[in-house]
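S.K.: Provided below are the primary sequence and the corresponding predicted coordinates.
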Number of protein chains: 2
Amino acid sequence: MNFCSNCGARVVARIPDGDHRERWVCPSCGTIHYQNPRLVVGAIPEGEDRILLCKRGIEPRYGKWTLPAGFMENGETVAQAAQRETHEEALAHIEIIDMFSVFSVPHVDQVHVFYRARLGAPEFGTTPESIEVALFAEHEIPWDEIAFRTVSTTLRHYFEDRARGTYRVHWGAITPPAPR
Amino acid sequence: MNFCSNCGARVVARIPDGDHRERWVCPSCGTIHYQNPRLVVGAIPEGEDRILLCKRGIEPRYGKWTLPAGFMENGETVAQAAQRETHEEALAHIEIIDMFSVFSVPHVDQVHVFYRARLGAPEFGTTPESIEVALFAEHEIPWDEIAFRTVSTTLRHYFEDRARGTYRVHWGAITPPAPR
């Protein structure tokens, strides 16, 4: 951040009175520009015993497989974000079943939320964001080609819960990969 | 938003190519300034059979009671945010038990998350944000003086689950109050 989005003056980094963290502050109009984590929201769309995955047509992780998910927008609920992203990425309409996972990814300032969801019909297709969209049985999941660790972790918990016959909400943190 | 935080030029509202929503876009350097919901994270601190509430010492809702909660910061996990906010607002140290509620508040672009938590010791105190901090048994909860609907909804579910002897994660949306 270089300039104040309110008045256009150059911002400075300092700890505001009564605060405990450095913020971008405008010395001209006094606006404090807080920066906060963003929510990435998606779904595990179930089509009978298979689940829907998308092959990414955009960076990062072009060509890797993911659950449909994306940044939550202002003015919507978390569940609506999951439905919207599933339609934008896979042209699929889903019915939300239940929240399934909430993973913090603090090194990129994100929180990822996934819902279990029912595919209304086996209708889906490619989009500008997905070069391939397909249903996978558990033994067909391309584990080595999953785009994000929140997705592979969510899928692992999902198949464990499904085998056990009972689902719960899983939460935790995904830490940075160890340096090589 | 009036000015580009990157280059200081005046921004314009338009739908970027490949997007479907109006964004603040900089015609000079091309930066798209996305705006996304913020996470408000807190705890239900349990001290034996009582729970800790804070009387707000700041606006909004000065003088009303709330669970300790506040905006999640970059670089932390959701659970760490709940612990930090509980210490900042009530000088209390908590141990996280489990995620308990996730409520979207789309009309203010927020998502509120609460964890059940154990008070390590019955130690707490007032802070610049809380003019009173106290433990309440269920029949002592000041239901008519709760600051936010996500808090009263969370507390209602909490005491229902506790009476039933089994907790689950509750989620949903809080819609704007009906106009009078």
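M.R.: Yep, it's here.
S.K.: just the pLDDT at the nearest residue to residue A:77 once chain neighbours are set aside, thanks.
M.R.: Nearest residue to residue A:77, sequence neighbours excluded (C-beta to C-beta, 6 or more residues apart in numbering or on different chains): residue B:104, at 3.7 Å. The C-beta positions use only the backbone N, C-alpha and C, and glycine is treated the same way. Listed pLDDT for residue B:104 reads 98.
S.K.: please identify the helix or strand for residue B:104.
M.R.: Assigned by DSSP states H and E, residue B:104 falls within strand B:94-105.
S.K.: how about the secondary structure of the residue of chain A most remote from its centre?
M.R.: Distance from the C-alpha centroid of chain A, by C-alpha atoms, centre = their mean, peaks at residue A:28 (36.6 Å). Under DSSP: H, G, I helix; E, B strand; the rest coil, residue A:28 falls in the coil class.
S.K.: next one: phi and psi at it?
M.R.: As for residue A:28, its main-chain torsions (degrees, to the nearest 10) stand at phi -90, psi -60.
S.K.: how many other residues sit next to the nearest residue to it once chain neighbours are set aside?
M.R.: Using C-beta to C-beta, 6+ apart and skipping residues adjacent in sequence, the residue nearest residue A:28 is residue A:9, 3.6 Å away. Counted by other C-beta atoms under 10 Å in any protein chain shown, the residues lying close to residue A:9 total 15.
S.K.: what's the angle from the helix ranked longest in chain A to strand A:94-105?
M.R.: Longest helix in chain A, counting residues (DSSP state H): helix A:149-164. Angle, helix A:149-164 to strand A:94-105, by axes from the mean of the first three to the mean of the last three C-alpha atoms, to 10 degrees: 120 degrees.
S.K.: list the buried residues of helix A:149-164.
M.R.: A:150-155, A:157-158, A:162 (16 or more other C-beta atoms under 10 Å in any protein chain shown).
S.K.: for that helix, packing partners?
M.R.: Under the contact criterion of 3 or more C-beta pairs under 8 Å, 6 or more residues apart in numbering or on different chains; DSSP states H and E, helix A:149-164 touches strand A:38-47, strand A:94-105, strand A:110-119, strand A:170-173.
S.K.: same list (those strands) but as CSV, adding distance to residue A:141.
M.R.: Formatted as CSV, those follow (distance: least, C-beta to C-beta, whole Å):
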stretch, distance to residue A:141
strand A:38-47, 12
strand A:94-105, 16
strand A:110-119, 15
strand A:170-173, 17
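S.K.: residue contacts, residue A:106?
M.R.: The contact partners of residue A:106, by C-beta atoms under 8 Å, 6 or more residues apart in numbering or on different chains, come to A:37, A:173, A:175, B:74-77, B:80.
S.K.: and these, which are buried?
M.R.: A:37, A:173, B:76-77, B:80.
S.K.: for the nearest residue to residue A:152 once chain neighbours are set aside, phi and psi?
M.R.: In this structure, residue A:152 finds its nearest non-sequential neighbour in residue A:146, 4.3 Å apart by C-beta to C-beta, 6+ apart. Main-chain torsions, residue A:146, degrees, to the nearest 10: phi -90, psi 130.
S.K.: same question, residue A:134
M.R.: Torsion angles, degrees, to the nearest 10, at residue A:134: phi -150, psi 160.
S.K.: so in terms of bridging, what pairs with the residue nearest the centre of chain A?
M.R.: With distances taken as C-alpha atoms, centre = their mean, chain A has residue A:40 as the residue nearest its mean C-alpha position (2.9 Å). Residue A:40 has these beta-bridge partners by DSSP bridges: residue A:71, residue A:112.
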